[in-house]
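Trainee: heads up, no residue letters with this:
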Ligand code: MN
């Protein structure tokens, strides 16, 4: 049985939050919405996402600070992160990537780009490994004829 990949979505804008979660669910992902960056690390520890999508312009703490906190957490630092943000220059993208984001998508999002980046970070091969399939796809030997 295929277990749905889990995506934690951190976004304070209600319309964007709904858009991202609707898109992800339509593509078979399980989602956990978070509206306040201050709750994101605790939610991530509980939900154990396969991917974290975060806005950068958040109240109370920036997405950049959130990425740094996630990367400082032993259990969460390997979870890929996709930043979704209003483009504010090459320096901004560099800062976000240096902090540890694996992908950077600008708002307003292109649906194709958004889904493509998510798929790139959650390749099908990983799903197979999680399902416990062997790397070797050789079919079992036929039983000897007697
Ligand atoms: Mn925001």
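Mentor: Structure's in. What do you need? It should be emphasised that the depicted structure is a prediction, and the values quoted were computed from it without experimental measurement. Numbering: from 1, shown residues only.
Trainee: got any ranges where this structure has weak pLDDT?
Mentor: Applying pLDDT under 70 to the chain flags the ranges 1, 124-146.
Trainee: can you report how many residues lie near residue 88?
Mentor: 13 (other CB atoms under 10 Å). C-beta here means a position set from N, CA and C on the backbone, and glycine is covered the same way.
Trainee: neighbours around the nearest residue to residue 102 once chain neighbours are set aside, how many?
Mentor: Closest residue in space to residue 102, ignoring its immediate chain neighbours: residue 80 at 4.5 Å, by CB to CB, 6 or more residues apart in numbering. For residue 80, the neighbour count with other CB under 10 Å is 18.
Trainee: residue 80 is in contact with residue 121, isn't it?
Mentor: Yes. If you go by CB atoms under 8 Å, residue 80 and residue 121 touch, sitting 4.4 Å apart.
Trainee: is there proximity between stretch 96-116 and the ion?
Mentor: No. If you take CB under 5 Å from the ion as the test, stretch 96-116 misses the ion, and the best it gets is 8.8 Å.
Trainee: distance from the chain centre to that stretch, please.
Mentor: 10 Å (CA atoms, centre = their mean, to the nearest Å).
Trainee: could you shift the numbering so residue one becomes 55, and keep it that way?
Mentor: Sounds good: first residue 55 from here, last item stretch 150-170.
Trainee: contacts for it?
Mentor: 70, 73-74, 77, 81, 110, 117-118, 121-122, 124-125, 131, 134-141, 147, 171, 174-175 (CB atoms under 8 Å, 6 or more residues apart in numbering).
Trainee: any idea how far apart the tips of that stretch sit?
Mentor: Start and end residues of stretch 150-170 are separated by 19 Å (CA to CA, to the nearest Å).
Trainee: circling back to that earlier point, for the residue nearest to residue 156, give its distance to residue 61.
Mentor: Using CB to CB, to the nearest Å, residue 134 is found at 10 Å from residue 61.
Trainee: make a ChimeraX selection of the buried ones in the contacts of stretch 150-170.
Mentor: For the buried members of the contacts of stretch 150-170, the matching ChimeraX selection, counting by 16 or more other CB atoms under 10 Å, is:
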select :70,73,74,77,110,117,118,121,124,134,135,136,137,138,139,147,171,175
